[in-house]
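Trainee: next come a sequence and a model predicted from it.
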Amino acid sequence: MARFIGFTVSLAVSNELQLFAKSAVREKVRETITEINPHLPVTLMDIQNEYATAGNDMYAAKALSASYLNKMVGQQILARATRDYYNLMLIGVILVIVMLILLPKIKKVALKLKKEHIPY
């Protein structure tokens, strides 16, 4: 029973961290890519020009450039969220390893203090 509870709790924590990392990155990207961003129109025009020089008409180039930009932003969000998630997991694993290393030493000190009577 304890193994099952531990397993489900670890899955829940893992999923929560993934969702938290992805939503935090999505919020950062949303703040940087807005209509008042001076680089957004330039980027869209560059993508439209690429599609137009490839032989597409202007309406198709506009539609394709918007979808291509959304796809690029989605990939950046996924990459950043994955990097943040694995950073959090690495910190968690390091903390667990440090606790496992220090825990026997802490137990020894506690047992030693219990055995010896320390006068005040």
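Mentor: Arrived safely, thanks for sending. Numbering: from 1, shown residues only.
Trainee: what separates S65 from K105, distance-wise?
Mentor: Using CB to CB, to the nearest Å, we find S65 at a distance of 61 Å from K105. Where you see a C-beta, it was placed from the backbone N, CA and C, and this is true even at glycine.
Trainee: neighbour-wise, which of those two wins?
Mentor: For the pair S65 and K105, the greater number of neighbours falls to S65 (21 against 9), based on other CB atoms under 10 Å.
Trainee: helices or strands up against the biggest helix by length in the chain?
Mentor: Ordering each helix of the chain by length in residues (DSSP state H) puts helix 58-115 first. The helices and strands touching helix 58-115, judged by 3 or more CB pairs under 8 Å, 6 or more residues apart in numbering; DSSP states H and E, are helix 2-32, helix 39-53.
Trainee: need those in JSON lines with mean neighbour count, distance to L90 and mean pLDDT, can you?
Mentor: Shown next, in JSON lines, are the helices and strands packed on helix 58-115 (neighbours: other CB atoms under 10 Å; distance: least, CB to CB, whole Å; pLDDT from 0 to 100):
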{"stretch": "helix 2-32", "mean neighbour count": "12", "distance to L90": "12", "mean pLDDT": "78"}
{"stretch": "helix 39-53", "mean neighbour count": "14", "distance to L90": "32", "mean pLDDT": "80"}
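Trainee: can you redo the ones you listed as CSV with distance to A60?
Mentor: Formatted as CSV, those follow (distance: least, CB to CB, whole Å):
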stretch, distance to A60
helix 2-32, 26
helix 39-53, 7
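Trainee: what's the closest of those helices to K112?
Mentor: Checking the helices and strands packed on helix 58-115 against K112 by CB to CB gives helix 2-32 as the closest, at 30.0 Å.
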